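> here is my input; please provide its structure:
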Amino acid sequence: MAALCNVLEPGFIALGFTASSLINSRNLLGFFKFWDWSYEPIASHPHHETLACFGRQVRVPDNSRFRNNLVSRLLWHVPFLIEIWYWNLTYWSYQLARAYSAVHLPADTKTVAQSHGLAILKLERALGIDVELSVQRYVLSLPPWVMETLGHVYYSHIVLGVAFLGYMYTYRPDVFPRIRRTMAVCNVIAFAIMSVYRVAPPRLLPKTEGFVDVLHAGQEHSAWTQNRFQLIYAAMPSLHFGNSFLVGLSLLSFAPHRPLRVLAPLWPAAMLLTIVATANHYVLDACVGACIPVLAYRWNRALLNLRVVEEWGFWLCRVEKPPRAAGKGPWAKEGGGLRPWDSPVQRNVLWKDDDVDEAGRRA
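Got it, this is the predicted structure:
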């Protein structure tokens, strides 16, 4: 069964990406008409001679000469393929950084990480929020399927995250770039914290603390998230909860479908219960994890400085980056902003600004 899960997980990710690509394609049939390259020519779009990079204007190449190249045409017809590349770049950069950190840990990391974990528990006792052990014991007292379900919740965050990106790209392309950049910055902030402050999760504390490792000790698990390159002393912060909080808040603020806005808070709530009951994180890990998306959103525009690198990267590949798709539905037209169905939640301070680059075009 474990082997089957390791096949299903990447399979669902590929399925989510494929469905999003097809749903957001611009007349895919036109790409396959190789015998008629004049069919539906790629429309021109604004070109930047210079882009802002850390306060300076930097010259970028004109990639319009590559507009009718095979790859350029494919990307124009299936623009979501670029988002798949961005996701892989973000995900694997983060995972490779964690893997490198995991295999170069100092010899005393376990002792230091356990001492930090015990210090967090001590602080939580002082604050009266040390509920991890009692929650785990209560869940373990329930029928076994309850903990098994929480295990599936713990390992489904990547699949659900892919589905979330596809949904937001389709129905709210006006805010999608901000959310995509925010998720990338979340990884940077989280990795920085866990690199300077190693913390052992409750399940890796001394046995005298009473915690049980229910996901990794002889149980089925995902090869993607449990392998010899996995950084196990990285409980602080909880990016599992941070990402689920970002997903829930984004759906609550922007989803055009009311059922999703109603159900949005359930995902971070389920993830909070999961990370505590499985002894993978402390309550304070979740608190810090919830703060990370807020900071990442405030700083997400810093990634726009990398657009210079992006343009030169496309030049090296002899490809022109197409304009983004307009998405589906009246709320997804270019221009974005608040819609008539927007509730006061959409008007909060956290999500108020728009992403417009120097030419007034959505970044």
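
> how far away from the center of its chain is the helix or strand that Phe12 is a member of?
For Phe12, the element it lies in under DSSP states H and E is helix 2-23. The chain centroid and the centroid of helix 2-23 are separated by 16 Å, computed with Cα atoms, centre = their mean, to the nearest Å.

> output the contacting helices and strands for it.
helix 80-103, helix 157-171 (3 or more Cβ pairs under 8 Å, 6 or more residues apart in numbering; DSSP states H and E). All C-beta atoms are positioned from the backbone trio N, CA, C, and that covers glycine.

> buried residues, the following helix or strand past the last one. List them.
It refers to helix 157-171. From helix 157-171 onward toward the C-terminus, using DSSP H and E, the following helix or strand is helix 176-196. Across helix 176-196, burial judged by 16 or more other Cβ atoms under 10 Å covers 176-191, 193-194.

> what's the angle between helix 176-196 and helix 157-171?
Angle of helix 176-196 versus helix 157-171, following axes from the mean of the first three to the mean of the last three Cα atoms, to 10 degrees, is 160 degrees.

> what angle do helix 176-196 and helix 80-103 make?
Using the same axes, to 10 degrees: helix 176-196 against helix 80-103 is 0 degrees.

> how about residues contacting helix 176-196?
Outside of helix 176-196, the residues that reach it under the criterion Cβ atoms under 8 Å, 6 or more residues apart in numbering are 83, 86, 90, 93-94, 97-98, 101, 161, 165, 168-169, 231, 234-237, 239, 242-243, 246, 250, 288-289, 292-293, 295-297, 299-304, 324, 351, 355, 362-363.

> buried ones in the one helix or strand Leu118 maps to?
Taking DSSP H and E as the definition, one finds Leu118 inside helix 109-127. Neighbour-count burial for helix 109-127, counted by 16+ other Cβ under 10 Å, picks out 109, 112-114, 116-117, 120-121, 124.

> distance between the ends of stretch 51-59?
Terminal residues of stretch 51-59 lie 7 Å apart, using Cα to Cα, to the nearest Å.

> state the distance from the closest residue to Phe229 other than its chain neighbours to Ser93.
Among residues not flanking Phe229 along the chain, Ala99 sits closest, at 3.7 Å (Cβ to Cβ, 6 or more residues apart in numbering). Using Cβ to Cβ, to the nearest Å, one gets 11 Å for the distance from Ala99 to Ser93.

> ok, Val153 next?
25 Å.

> Pro268 too?
Shown here: Pro268 relative to Ser93, a distance of 25 Å by Cβ to Cβ.

> and these two? Which one has more around it.
More neighbours surround Pro268 than the other of Pro268 and Ser93, with 23 against 14 (other Cβ atoms under 10 Å).

> I'd say that one and Phe245 touch.
Yes: contact criterion Cβ atoms under 8 Å: Pro268 and Phe245 qualify, at 4.6 Å.

> tell me the pLDDT at Val71?
In the prediction, the pLDDT value recorded for Val71 is 88.

> list the contacts of it.
By Cβ under 8 Å, 6+ apart, the residues touching Val71 are 317-319.

> top of these by number of neighbours, please.
Ranked by the number of neighbours (other Cβ under 10 Å), the contacts of Val71 place Val319 first, at 20 neighbours.

> quick check: which ranges of the stretch 151-300 of the chain have low pLDDT?
Using pLDDT under 70 as the threshold, the predicted model of the stretch 151-300 of the chain has low-confidence ranges 217-228.

> and the stretch 1-150 of the chain, by the same measure?
Across the stretch 1-150 of the chain, the ranges flagged by pLDDT under 70 are 1-6, 28-48.

> change it to 90
Low-confidence segments of the stretch 1-150 of the chain, defined by pLDDT under 90: 1-11, 22-52, 54-55, 62-79, 100, 102-107.

> on that earlier part again, mind listing the shared neighbours of Pro268 and Phe245?
Where contact means Cβ under 8 Å, 6+ apart, the residues bridging Pro268 and Phe245 through contact with each are Ala290.

> quick one: residues contacting Ser244.
Ser244 sits next to 157, 267-268, 270-272 when contact means Cβ under 8 Å, 6+ apart.

> between the residues you listed, which sits nearest Ser134?
Checking the contacts of Ser244 against Ser134 by Cβ to Cβ gives Leu272 as the nearest, at 14.7 Å.
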